[in-house]
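>>> Sequence plus the predicted model coming up.
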Amino acid sequence: MAEARAEVRKEDLVNLVQDLFSEGRVDYFLGYQPGTVKFKTTPLIIKKGEDIQKLAVDDYGHYNLTFYLKEIKGRVGILVKGCDSRSLLSLLREGQIKREDLYIVGLPCPGQIDPKKIAAALSCEPEDLEQIFRRGREMIAKVGGQEKTVSLTQALLEKCLACRYPKPLVFDTLLSGEYTAPISPMKRPEDDLRPKPAAEKWAFWSAQFERCIRCYACRNICPACFCPRCLVEENMPQWISPLPSKGDNFLFHLMRLMHVTGTCVSCGECERVCPMEIPLMKLNEKMNDDLKELFAFMAGVDLEKALPFRTYHQEDPDDFIK
Amino acid sequence: MYLKISRENLRKWLTELKKGAEVLVPEKVNGLWTYTPFQGQDPLPNFLNSRIPPKSVFFPSMQALVEWKSSGGSVQLRSLTPAAGPKVLFGLRPCDARGLRILEPVFSQDNQDIFYGQNLSRTLLLGVACRRPCPGSFCEQMGIDPQAAKDFDLSFREITQGFIVKVITEKGGKLTGGGVFFTEAAAKEWEEARSEIKNKNETLSFDLEKVKTRVGERFTDEEFWMRVSLKCLNCGICTYLCPTCHCFDICDLQIPGQGIRFRCFDSCAFPGFTKMAVHNPREEKWRRYRQRVSHKFNFFPQNFQNVACVGCGRCVVHCPVNLDLRQVLLAISG
């Protein structure tokens, strides 16, 4: 059996954050603490150095905490996994945050566990899972008192399987640990929808968006959705009706998709929080692939490259305007 | 009166009912549990509860109220009426049935809302006792017995061979027919069919009476509300998935010459919910969070005697940031 990865030592994190506050370097620190239900972690927003002892790191830190930077201003310390750091680079590039306001703490990530995927692999409901733990490089789930082994591929979030940036791309300090991808990065399975005729895709997304309840969790958890005023709330004129009808839902999602393209770093949070299980990442991944193909652009990996939708050249083609 | 029915007969009985009524049963569609028209399948698979509460069957996210047409300077208005005909909802959980009853006075006390009222009166509520706790649920702390509910028309408890049924209302009794599918059962069998719900979460237990008295005292403690709402996302999940939240908006769909006026869900978590021409009294997040908790545990009981929460746990498990209402209630009561 392969050896387990070293875990992040809680005291390393706690001591570090304590120092940040006592040296007056930050006013807030964004981290995690254990959640109140099984297989859940919850964000911990530390203010004035309170609650530092509650900080913890576990296998369910799905959050891309950078979305809180839309709301929490000032000098902020933040815990980021490699993938989350791409949001920071992207937001820096977009001028949404200032580097000097941040104290970035890198977190070594062994891949985050997705209980829904494990339940699907074991043909049970997520609620049937009694326990999930790592044994070496395997994952064990307990169902009905029985231990069952699942592979990392079956147990980790989809984004973790394609992890190409296990080490934060921007940081002030790195917690000690192993900054390698949980498995050797796999190419994402080709979206089976893409080769299908437009009518079929239309039917698929119509059915998906018909279910949308317009709770806006996808928008609110998205670090790339940083507009202070969103088109859906404008009512003079009203571009999109608040009615959760298929047409308006469609418009909302496509509008959001167009707006975040170029800033979206595929963190997958929109899809994770969707209460209606709409596979939003299919759309984001398609747009990100197009960006790669058309502009050789990937969001959140450098601070230099021109932003595709913020850059204009006189010689840009305009033959699409009829 | 108590009855007994086998799983197979239950299926046959629902098939029979389908001839004269719309029958809804729990089914997993696109990865989430919902109530869908019965097609002869196993009516009660490995089901805990639906993602969207069954309040949507009675108070849908979009309800057409009025339509109009205009031509040549005149306008014709037409009130729309709720759908008619009997409906049967099978698999309902005690918490959600309570939620439907909690909402009744909202839609009937001062003004009669024909949509909610008629939808409820034409639907037979066939409830099933829970065998396992839902994650995040705290129904018993809210005074709900997950094994029984007087809010059903017929109350089912699963046993190995099928179900023991308690007839709660006359129309429920009528529905069971003349002994073709059901046989008589004894009160003792009903009692024996009660199952123990395990895995209760003791650490998040709060005293509801204390919550009710202290939530009002907490109202002016701004620092408290800021602290507990700090990680809130301002999304509408907790309200839209809540079996008792009922705030709505009115909006029109129109094209030249005609239009329809709808009622649709709205959420107090949204900054625009209270936005007025010159002022927004709940601009800050903590004010909106305070409103939600105060409405459920303070204002609603003042108006309608009941707390507007049934402890189903949907807001707890589906909150994108795990902002747990139980923790907040515990902090209020403590």
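That came in fine, so what should we check first?

>>> Quote the end-to-end distance of stretch A:166-173.
End-to-end distance for stretch A:166-173, by CA to CA, to the nearest Å: 15 Å.

>>> Distance check, residue B:51 against residue B:92.
Distance from residue B:51 to residue B:92, counting by CB to CB, to the nearest Å: 14 Å. Where you see a C-beta, it was placed from the backbone N, CA and C, and this is true even at glycine.

>>> what about the strands in the stretch 1-150 of chain B?
B:2-6, B:22-29, B:32-37, B:62-71, B:74-79, B:87-92, B:123-128 (DSSP state E, counting those that start in this stretch).

>>> Tell me what angle the fourth one forms with strand B:74-79.
Relative orientation of strand B:62-71 versus strand B:74-79 (axes from the mean of the first three to the mean of the last three CA atoms, to 10 degrees): 160 degrees.

>>> quick one: contacts for the residue nearest to residue A:58 when sequence neighbours are not counted?
With sequence-adjacent residues excluded and distances taken as CB to CB, 6 or more residues apart in numbering or on different chains, residue A:58 is closest to residue A:41, at 5.6 Å. By CB atoms under 8 Å, 6 or more residues apart in numbering or on different chains, the contact set of residue A:41 is A:32-35, A:56, A:58, A:60-63, B:322.

>>> And those, which is closest to residue B:24?
Of all the contacts of residue A:41, residue B:322 has the smallest distance to residue B:24: 30.9 Å, by CB to CB.

>>> Reduced to three states, what does that closest one come out as?
Assigned with DSSP: H, G, I helix; E, B strand; the rest coil, residue B:322 falls in the coil class.

>>> and it, how many residues sit next to it?
For residue B:322, the count of nearby residues is 22 (other CB atoms under 10 Å in any protein chain shown).

>>> tell me which residues form a beta bridge with the residue nearest to residue A:58?
In this structure, residue A:41 bridges to residue A:34 when assessed by DSSP bridges.

>>> residue with max distance from the center of chain B?
Centroid-distance maximum for chain B: residue B:72 at 45.1 Å, with CA atoms, centre = their mean.

>>> List the residues that contact residue B:169.
Residue B:169 neighbours (CB under 8 Å, 6+ apart): B:152-154.

>>> and what of residue B:289?
B:225, B:228-229, B:232, B:269 are the contacts of residue B:289 under CB under 8 Å, 6+ apart.

>>> pLDDT of the helix or strand hosting it, averaged?
Assigned by DSSP states H and E, residue B:289 belongs to helix B:285-294. The average pLDDT for helix B:285-294 rounds to 97.

>>> again with stretch B:94-110
For stretch B:94-110, the per-residue pLDDT averages 96.

>>> Report pLDDT for the residue farthest from the centre of chain B.
87.

>>> what's the spacing between it and residue B:66?
Relative to residue B:66, and taking CB to CB, residue B:72 is found at 20 Å.

>>> Residue B:288 contacts residue B:269, doesn't it?
Yes - Residue B:288 lies in contact with residue B:269 (CB atoms under 8 Å); the separation is 5.6 Å.

>>> neighbour count winner among those two?
Neighbour count, other CB under 10 Å: between residue B:288 and residue B:269, residue B:269 has more, with 27 against 22.

>>> measure that one to chain A for me?
9 Å (CB to the nearest CB, to the nearest Å).

>>> Quick one: residues contacting that residue.
Neighbours of residue B:269 in contact, by CB under 8 Å, 6+ apart: B:232, B:234-236, B:238-239, B:288-289, B:292.

>>> what ranges do the strands span in chain A?
Using DSSP state E, the strands of chain A run over residues A:28-34, A:41-47, A:76-80, A:102-106, A:129-135, A:138-143, A:146-150, A:173-174.

>>> most tightly surrounded among the ones you listed?
Of all the strands of chain A, strand A:76-80 carries the top mean neighbour count, a mean of 23, counting by mean count of other CB atoms under 10 Å in any protein chain shown.

>>> close to chain B, is that one?
No - on the criterion CB under 8 Å from any CB of the partner chain, strand A:76-80 is out of touch with chain B, staying 13.2 Å away.

>>> from the chain's centre, how far out does that strand sit?
Offset of strand A:76-80 from its chain centre (CA atoms, centre = their mean, to the nearest Å): 15 Å.
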